[in-house]
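Asker: Sequence below, structure please.
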Amino acid sequence: MTRYAAPGRVGSVVSCRERYDHFVGGEHVAPAAGGYATAATPVTGEVFAEVARGTAEDVDRALDAAHGAAGAWGRTPPAGRAAALAEIADRVEDHLEALAVVQAWETGRPVREALAADVPSVVDRFRRLAGALSAGGGTAALVGGDVVAHRFPEPLGVVGQLLPRDSPLLVAARVLAPALAAGNAVVLKPAEHAPVSVHQLVDVIADLLPPGVVNVVTGSGAEAGGPLASSRRVALVAFAGAAGAGRPVLRHAAGNLVPVLLEPGGRGAEVFLADVAARRDPFLDEALAGFTAFTRNRGGVCAVPSRVLVQASAYDRFLADAVDRVGALRPGNPLDTGTAVGAQAGPARLAAVLAHIDHARREGARLVRGGERVDLGGEFSGGSYLTPAILERDTRLPPPSGEPPGPVVSVSRFDDRDDAVKLVNDTPDVRDAGVWSRDLGAAHRVGRGIRAARVRVNHAAPDGCRPDDDEDHRALLDRFRRTRSLRIGYSAGHDLP
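Answerer: Residues are numbered from 1 along each chain as shown. Below is the predicted model of the structure:
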């Protein structure tokens, strides 16, 4: 195990600047209104940087820079853009530890998750898009007589991206890589409370791109995010985050008929059939690991389970094992690779988790384990730490309400497979589901009945929301470009080209 030093401390692999301005046109630019906010780490509670508070004027400057760079970048041959993306992947890989440490320090997410999942996924994203780009091209077809239809892709122009607080590096790359590959310029607006990780990423890769191709404007959703989402100068708005935060983004963009690439947060569900607990073996261990997935990223990943259903005949013994497994996951220093449960993303998030638990208990749920604030003492006494919470919920109660803001899971029993399918489908906003059974036929039938977009069988929820391992990257690339058609009539006496 490795315990990383905090950024800027003796022996640290990375340092943070004392002040972060906007990044516009390849330069660090002070905010137009002169305002700055403080960035505090949930690891210890201490303030470690000042961050520019952006306004509509800052967004306009960033859009000026993006539009100034978009034309030349879009005309860069695909092979040139592919080479740039491949260089970005290599550069990020070279800075893996530094980026992981900054994200852990800023968000409280365990550094081991960033080392194993987030930053490698950023690298993989850029490499895959580089490969998809190099294989792309237009088409030509004779459509009748002497008329030839040429179809060719072209960039949208300028893309605006609004980021969530959880997993900022991973989510930034989910849009940044395909947008750049397609030839667009990008204006990024990080989450108000997680801008430093994004700045660190851009610092690492900025010299590999022409000035203005990537721009960063920081600030609140109202002061900076709203002006970006409502601008007529963006061709696409990309948003990932809580559904409640996504609604105003949709309203802003709809006023200009600007398309929105929306990845709202949601819920995950796990179904454990009775045969899972038939014997103690590696399969049961893997299933229990699937149960504990709700603690990943402190519950801040939409794919991890917030609702668990266990078949009644195995309920008591499976839940007892699961409670013991979760009880062993104690909160700790996120910069220690031995820590599985890091800090909640600040005092406000911690308070929201505790309020969510209290609300569930008032609805009739029973707190089985966890849900307690933890004081790690010493330099960590000001941090935001919480034990993962397991709530037992009778299925006669309404489905759990609201997306859990942290590591909280509701557990219920079900009688038969049809009952399990109905309970999952009646749960609002389930986007990812897992089914566990030694009988693959039974698991297949349950999985087919569940209406979630992604259903897994006998493997745990991924570390990231909507992972890319089975994604068509050529199709993804097409989301960030438009296809144009040019029909040419070749009259008699003219040769076809």
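
Asker: pLDDT of the lengthiest helix in the chain, averaged?
Answerer: The helix that spans the most residues within the chain, counting by DSSP state H, is helix 56-75. The average pLDDT for helix 56-75 rounds to 98.

Asker: what residues does the next helix or strand after that helix touch?
Answerer: Elements were assigned by DSSP states H and E; along the chain past helix 56-75, the next helix or strand is helix 78-94. Residues outside helix 78-94 that contact it (Cβ atoms under 8 Å, 6 or more residues apart in numbering) are 73, 76, 99, 119-120, 122-124, 126-127, 129-131, 133-134, 136-137, 177, 180-181, 183, 201, 204-205, 208-209. Backbone N, C-alpha and C define where each C-beta goes, glycine included.

Asker: all strands of the stretch 101-250 of the chain, in order?
Answerer: Using DSSP state E, counting those that start in this stretch, the strands found in the stretch 101-250 of the chain span residues 139-144, 147-155, 158-162, 185-189, 214-216, 236-241.

Asker: and the longest helix of the chain, how far out from the chain's middle?
Answerer: 25 Å (Cα atoms, centre = their mean, to the nearest Å).

Asker: And that helix, what does it pack against?
Answerer: strand 22-24, strand 147-155, strand 158-162, strand 185-189, strand 214-216, helix 226-229 (3 or more Cβ pairs under 8 Å, 6 or more residues apart in numbering; DSSP states H and E).

Asker: what angle do it and helix 78-94 make?
Answerer: 120 degrees (axes from the mean of the first three to the mean of the last three Cα atoms, to 10 degrees).

Asker: Residue 483 belongs to a strand, doesn't it?
Answerer: Yes. Counting by DSSP: H, G, I helix; E, B strand; the rest coil, residue 483 is part of a strand.

Asker: How about the contacts made by it?
Answerer: 151, 152, 153, 154.

Asker: now those: which count as buried?
Answerer: residue 153 (16 or more other Cβ atoms under 10 Å).

Asker: Please dump the contacts of residue 483 into TSV; it should also carry pLDDT and distance to residue 460 for every row.
Answerer: Compiled in TSV, those are given as follows (pLDDT from 0 to 100; distance: Cβ to Cβ, whole Å):
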residue	pLDDT	distance to residue 460
151	80	42
152	79	43
153	85	37
154	92	41
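
Asker: which residues of the stretch 151-300 of the chain score low on pLDDT?
Answerer: Within the stretch 151-300 of the chain, the stretches with pLDDT under 70 are 297-300.

Asker: can you check the stretch 1-150 of the chain too?
Answerer: 134-137.

Asker: What helix or strand is the closest residue to residue 405 other than its chain neighbours located in?
Answerer: Excluding its sequence neighbours, the residue lying closest to residue 405 (Cβ to Cβ, 6 or more residues apart in numbering) is residue 352, at 4.3 Å. Element membership for residue 352, per DSSP H and E: helix 347-363.

Asker: Please parse this structure into its domains.
Answerer: The record assigns the chain these domain ranges, following automatic domain parsing: 19-265+469-486, 267-457.

Asker: end to end, how far does the last one reach?
Answerer: Start-to-end span of domain 267-457 (Cα to Cα, to the nearest Å) is 17 Å.

Asker: can you check the first one too?
Answerer: Between the start and the finish of domain 19-265+469-486 there is a gap of 50 Å, counting by Cα to Cα.

Asker: How far off centre is that domain?
Answerer: Using Cα atoms, centre = their mean, the offset of domain 19-265+469-486 from its chain centre is 12 Å.

Asker: who's in contact with the nearest residue to residue 474 once chain neighbours are set aside?
Answerer: Nearest-residue entry for residue 474: residue 132, 5.0 Å, with adjacent residues in sequence omitted and distances by Cβ to Cβ, 6+ apart. Contacts for residue 132 (Cβ under 8 Å, 6+ apart) come out as 181, 473, 474, 476, 477.

Asker: how many other residues sit next to residue 275?
Answerer: Applying other Cβ atoms under 10 Å, we find 17 residues neighbouring residue 275.

Asker: same question, the one 5 residues further on
Answerer: By other Cβ under 10 Å, 9 other residues sit near residue 280.

Asker: what's the answer for residue 313, then?
Answerer: Neighbours around residue 313, by other Cβ under 10 Å: 14.

Asker: swap in residue 184?
Answerer: 26.

Asker: How about the one 5 residues further on?
Answerer: Residues within reach of residue 189, counting by other Cβ under 10 Å, total 30.

Asker: Tell me the bridge partners for it.
Answerer: residue 162 (DSSP bridges).

Asker: how much space is there between it and residue 63?
Answerer: Between residue 189 and residue 63 the computed distance is 11 Å (Cβ to Cβ, to the nearest Å).

Asker: How about residue 116?
Answerer: Residue 116 is 36 Å from residue 63, by Cβ to Cβ.

Asker: buried sites along the helix holding residue 352?
Answerer: Quick answer for helix 347-363 (16+ other Cβ under 10 Å): 349, 350, 352, 353, 354, 356, 357, 360.

Asker: Quick check: next helix or strand after it?
Answerer: Beyond helix 347-363 toward the C-terminal end (DSSP H and E), the next one is strand 366-369.

Asker: Packing partners of that following strand?
Answerer: helix 315-327, strand 389-392.

Asker: Give the partner strands of the very next helix or strand once past that strand in its sheet and their orientations.
Answerer: As assigned by DSSP H and E, the chain's next helix or strand after strand 366-369 is strand 373-374. Strand 373-374 pairs in its sheet with strand 385-386 (antiparallel), by DSSP bridges.

Asker: In contact with residue 235, which residues?
Answerer: So residue 235 contacts 156, 157, 158, 159, 184, 258, 259 (Cβ under 8 Å, 6+ apart).

Asker: In ChimeraX, select just the buried ones from these.
Answerer: Filtering these down to the buried ones (16+ other Cβ under 10 Å) takes a single ChimeraX command:
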select :156,157,158,159,184,258
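
Asker: Make a markdown table from the contacts of residue 235 and add distance to residue 305 to it.
Answerer: As requested, the contacts of residue 235 are exported to a markdown table (distance: Cβ to Cβ, whole Å):
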| residue | distance to residue 305 |
| --- | --- |
| 156 | 36 |
| 157 | 39 |
| 158 | 38 |
| 159 | 32 |
| 184 | 35 |
| 258 | 34 |
| 259 | 31 |
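
Asker: before we move on, the earlier item: buried among the contacts of helix 78-94? Need that as a selection in PyMOL.
Answerer: This is how PyMOL selects the buried members of these, with burial counted by 16+ other Cβ under 10 Å:
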select buried, resi 73+76+99+119+120+122+123+124+126+127+129+130+133+134+177+180+181+183+201+204+205+208+209
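
Asker: Which ones among the contacts of helix 78-94 lie within helices?
Answerer: Using DSSP H, the contacts of helix 78-94 in helices are 73, 99, 119-120, 122-124, 126-127, 129-131, 133-134, 177, 180-181, 201, 204-205.

Asker: Tally up the residues packed near residue 241, please.
Answerer: Going by other Cβ under 10 Å, the residues that sit close to residue 241 add up to 22.

Asker: let me redo that: residue 207
Answerer: 10.

Asker: hmm, back to that, so which of the strands of the stretch 101-250 of the chain gets nearest residue 23?
Answerer: strand 214-216 (4.1 Å; Cβ to Cβ).

Asker: average pLDDT for the helix holding residue 352?
Answerer: Rounded mean pLDDT across helix 347-363 is 93.

Asker: Distance from the chain centre to that helix, please.
Answerer: With Cα atoms, centre = their mean, you get 23 Å for helix 347-363.

Asker: Could you do stretch 455-462 as well?
Answerer: 18 Å.
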